[in-house]
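Asker: task: produce atomic coordinates for the following.
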Amino acid sequence: VHEDWVLGVAFVGHGPDALLASASMDQTVALYRASATTHDSGMHTAHTWELWSRLGDVGGAESHGFFGVTASACGSRILAYSSSGGLHLWELQEGDRWVPRGACGGARRVASSIAWEPVSASYLASCSEDQTVRIFAPVCPEAARGSGGEGARRRWTELARPLTHGYDMRALVALPRPRHRILACADEKVGRILDGTAGFVEALERAGAGSGRTAEDTERAHAAAVPPLGLSNRAVSSAARPVAAAASSDTSTGMQGSATPDDPEDGSAEVPAWLPISAPAGDAFPPTEDILASRTLWVETRKLYAHGNDLTACGAAANGKFVLTACRGRKEEDCSVVVWRTDTWERVGVLAGHRLDVTRVAVSTTSRSVATTGRDRQLCLFVDHAASDSDVPDFRIVARVSAHKREVRDVCFVGGDDLLLTAGRDHTVTLWDCALLRSSGAPALRRKFAGAAPAALSVRAAPRPACASAANVREYWVAIAFESGDIQVDALEVGHESAAATWRALAAVPRHLAPSMRATQLLWSPDALPRCCLAASSEDHSVRIWNVVQHTADNTDDSKSAGV
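Answerer: Residues are numbered from 1 along each chain as shown. This next block holds a predicted model:
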């Protein structure tokens, strides 16, 4: 029946009509039905099982076959899984017909970084050491098939897989303009700019997560494909022929400090036969694993060449005018952060200050300040000295301090440009007043987790204050991730004097909902309170999203709490 090893079996349903399913490395699930029953002298029953149906695709996109199979209690759904992290789901329809359905899978190795869509938080991008970039969005399967209403329940699912790379992914950031653009960094010396396709915009609208089409959406490539022996995702037009990924007269050869358009060498190459020109209305939605693996790529429009070592971190301005990339190194000249203009993709600055790997790059909401942390325990603050209407930033270092006694793992701005938070492996989270940091290098407030508390590995303040009083006291929600996997949300109250800031515990993610291993990054959605989402990527291969809701006790504004 199978052409390769059989690695899993399961019964589908109960009683005399039950089926037997077997999963094989030949990328198929075989279903058997009992066709005859015999009784021996000992009154034992023997069944003759015959092949009834076959699910899957021999020679399809899944190169490692199925490792196991299971079924729902009622027998109406079958789920197979593979070593690539793919989940394959089939649902029983009328007429004994099994229809493929989308199943929310995930990475098979460490989820290293996440990024919210910066305009409306319509989706969450993640990258992983399994060498993929994935897009998750809230989808209503019933509404997508035309049977759901306004109040239909939505669930987060994988909507696209923009990049399947040859190196472990380390960091990514989403740019605010143009929309659906991502900078991805991996264990290589090149940063890659990915642009969403028209097919992705259609899928986002079909999921109900889109915010309407814009003029720039009409200029998007219809899809993307990797040509035979190719290393980059090339644009495919609606006419079913490859087109240049970026029309440009740039003659750069890809030398140090350059950005090259990822143009194909020959525009006449044929499109792979499996790449659809338009998604048929009857296609499974959300997309199934085979579609995700081969038909949801984004176009690589640029490669950023500037570093001599593998990239470790990246950041983007809130106004979309520049991005930053950082790499590994053991000397100050190797650990510099490079600033790129996004309109011309020219290198316009180098931010030096670290002597070991840069662990995080943070940009303020005004795009006028940049903070970096590194394994050398240093915190560096840079301020833009260019005119506010200039398209070319001019960042200069204004402060460099030893922020923690051990490695500094994370940094973020609180509100605008005035306050910073850092998290270190010395069991502390530190609040910094940027004015005080520039003058004396002293912290405004330290949050010490004493005793046997695990180290704080990530910290993130909500983009907007939860509340503000008449005395100009602002309260920010701060999420902190620990080495144990625990995640808690605190309230940070800041007034005119940052030294008088106070911490107050609000909530903690229930242990059964928290990651089983340490989180690699925390990120608040740009939604306004009293309800927003907190996302985390983790070493347990998962990306988790929680709703954090503000509660007011006795209808008074001075008694607030949060619930996860």
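Asker: tell me which stretches of the stretch 201-350 of the chain form strands.
Answerer: In the stretch 201-350 of the chain, the strands defined using DSSP state E, counting those that start in this stretch lie at 223-225, 234-236, 242-243, 258-261, 299-305, 311-316, 322-327, 337-341, 347-351.
Asker: as a markdown table, those with distance to residue 25, mean pLDDT and mean neighbour count would be great.
Answerer: Every C-beta, even on glycine, is put in place using the N, C-alpha and C of the backbone. Formatted as a markdown table, those follow (distance: least, CB to CB, whole Å; pLDDT from 0 to 100; neighbours: other CB atoms under 10 Å):
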| stretch | distance to residue 25 | mean pLDDT | mean neighbour count |
| --- | --- | --- | --- |
| strand 223-225 | 27 | 90 | 25 |
| strand 234-236 | 31 | 88 | 24 |
| strand 242-243 | 33 | 44 | 20 |
| strand 258-261 | 40 | 70 | 20 |
| strand 299-305 | 32 | 95 | 23 |
| strand 311-316 | 35 | 96 | 25 |
| strand 322-327 | 39 | 96 | 26 |
| strand 337-341 | 44 | 96 | 23 |
| strand 347-351 | 47 | 95 | 18 |
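Asker: of all those strands, which lies closest to residue 513?
Answerer: strand 311-316 (27.7 Å; CB to CB).
Asker: quick test: name the residue nearest the centre of the protein.
Answerer: When CA atoms, centre = their mean is applied to the chain, the residue found nearest the centroid is residue 126 (1.6 Å).
Asker: sec struct for residue 16, please.
Answerer: With DSSP: H, G, I helix; E, B strand; the rest coil as the basis, residue 16 sits in helix.
Asker: roughly how far apart are the nearest residue to it once chain neighbours are set aside and residue 332?
Answerer: Leaving aside its sequence neighbours, residue 16 sits nearest to residue 34 (CB to CB, 6 or more residues apart in numbering; 7.3 Å). Going from residue 34 to residue 332 by CB to CB, to the nearest Å gives 72 Å.
Asker: more crowded one of these two?
Answerer: Neighbours per residue, other CB atoms under 10 Å: of residue 34 and residue 332, the larger number sits with residue 34, 17 against 13.
Asker: where do the helices sit along the chain?
Answerer: Assigned by DSSP state H, the chain shows helices spanning 141-144, 198-206, 289-295, 434-439.
Asker: now render these as JSON lines, adding distance to residue 374 and mean neighbour count.
Answerer: Shown next, in JSON lines, are the helices of the chain (distance: least, CB to CB, whole Å; neighbours: other CB atoms under 10 Å):
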{"stretch": "helix 141-144", "distance to residue 374": "44", "mean neighbour count": "17"}
{"stretch": "helix 198-206", "distance to residue 374": "35", "mean neighbour count": "21"}
{"stretch": "helix 289-295", "distance to residue 374": "36", "mean neighbour count": "21"}
{"stretch": "helix 434-439", "distance to residue 374": "16", "mean neighbour count": "16"}
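Asker: out of those, nearest to residue 5?
Answerer: Each of the helices of the chain has some distance to residue 5 by CB to CB; the shortest is helix 289-295, at 19.9 Å.
Asker: now for that closest one, which elements pack on it?
Answerer: Here helix 289-295 touches strand 87-93, strand 155-164, going by 3 or more CB pairs under 8 Å, 6 or more residues apart in numbering; DSSP states H and E.
Asker: export the ones you listed to a markdown table and tack on mean pLDDT and distance to residue 370?
Answerer: Formatted as a markdown table, the helices and strands packed on helix 289-295 follow (pLDDT from 0 to 100; distance: least, CB to CB, whole Å):
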| stretch | mean pLDDT | distance to residue 370 |
| --- | --- | --- |
| strand 87-93 | 91 | 40 |
| strand 155-164 | 91 | 26 |
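Asker: how about low-confidence regions in the stretch 51-200 of the chain?
Answerer: Within the stretch 51-200 of the chain, the stretches with pLDDT under 70 are 58-64, 141-153.
Asker: cutoff 50 now
Answerer: 62, 149 (pLDDT under 50).
Asker: now do residue 207 against residue 407, distance only.
Answerer: Separation of residue 207 from residue 407 (CB to CB): 40 Å.
Asker: give me the more crowded residue out of the two.
Answerer: residue 207 (22 against 18).
Asker: ok, the more buried one - contacts?
Answerer: Residues in contact with residue 207, defined by CB atoms under 8 Å, 6 or more residues apart in numbering, are 137, 138, 139, 140, 144, 159, 285, 286.
Asker: just confirm the first one contacts residue 156, I think it does.
Answerer: Yes: here residue 137 lies in contact with residue 156, judged by CB atoms under 8 Å, at a distance of 7.0 Å.
Asker: what's the overlap in contacts for those two?
Answerer: Contacts common to residue 137 and residue 156, judged by CB under 8 Å, 6+ apart, are residue 124.
Asker: so between those two, which is more surrounded?
Answerer: Between residue 137 and residue 156, counted using other CB under 10 Å, the more crowded position is residue 137 (23 against 18).
Asker: ok, what's across the strand from that one?
Answerer: Beta bridges link residue 137 to residue 157 when assigned by DSSP bridges.
Asker: and it, how far from residue 297?
Answerer: For residue 137 relative to residue 297 (CB to CB), the value is 17 Å.
Asker: what score does residue 387 have for pLDDT?
Answerer: In this model, residue 387 is scored at 91, pLDDT.
Asker: that one and residue 394, how far apart?
Answerer: 9 Å.
Asker: pick out whichever of the two has more residues nearby.
Answerer: It is residue 394, of residue 387 and residue 394, that has more neighbours when counted by other CB under 10 Å, with 14 against 9.
Asker: which non-adjacent residue is nearest that one?
Answerer: Going by CB to CB, 6+ apart, residue 394 has residue 386 as its nearest residue, at 4.0 Å.
Asker: contact partners for that neighbour?
Answerer: 392, 393, 394.
Asker: quick one, phi/psi of the second one?
Answerer: I take that to be residue 393. phi -70, psi 150 (degrees, to the nearest 10).
Asker: contact partners for it?
Answerer: Residues in contact with residue 393 (CB under 8 Å, 6+ apart) are 317, 321, 322, 339, 348, 349, 367, 384, 386.
Asker: local confidence estimate at it?
Answerer: pLDDT, residue 393: 93.
Asker: mind checking how far the closest residue to it other than its chain neighbours is from residue 341?
Answerer: In space, and not counting its chain neighbours, residue 393 is closest to residue 384: 4.8 Å by CB to CB, 6+ apart. Applying CB to CB, the value for residue 384 to residue 341 is 13 Å.
Asker: can you check residue 89 too?
Answerer: The span separating residue 89 from residue 341 equals 44 Å under the rule CB to CB.
Asker: could you do residue 532 as well?
Answerer: Distance from residue 532 to residue 341, counting by CB to CB: 31 Å.
Asker: follow-up on the earlier one: among the helices and strands packed on helix 289-295, show me which one is buried the most.
Answerer: Of these, the one with the most neighbours on average (mean count of other CB atoms under 10 Å) is strand 155-164, at a mean of 21.
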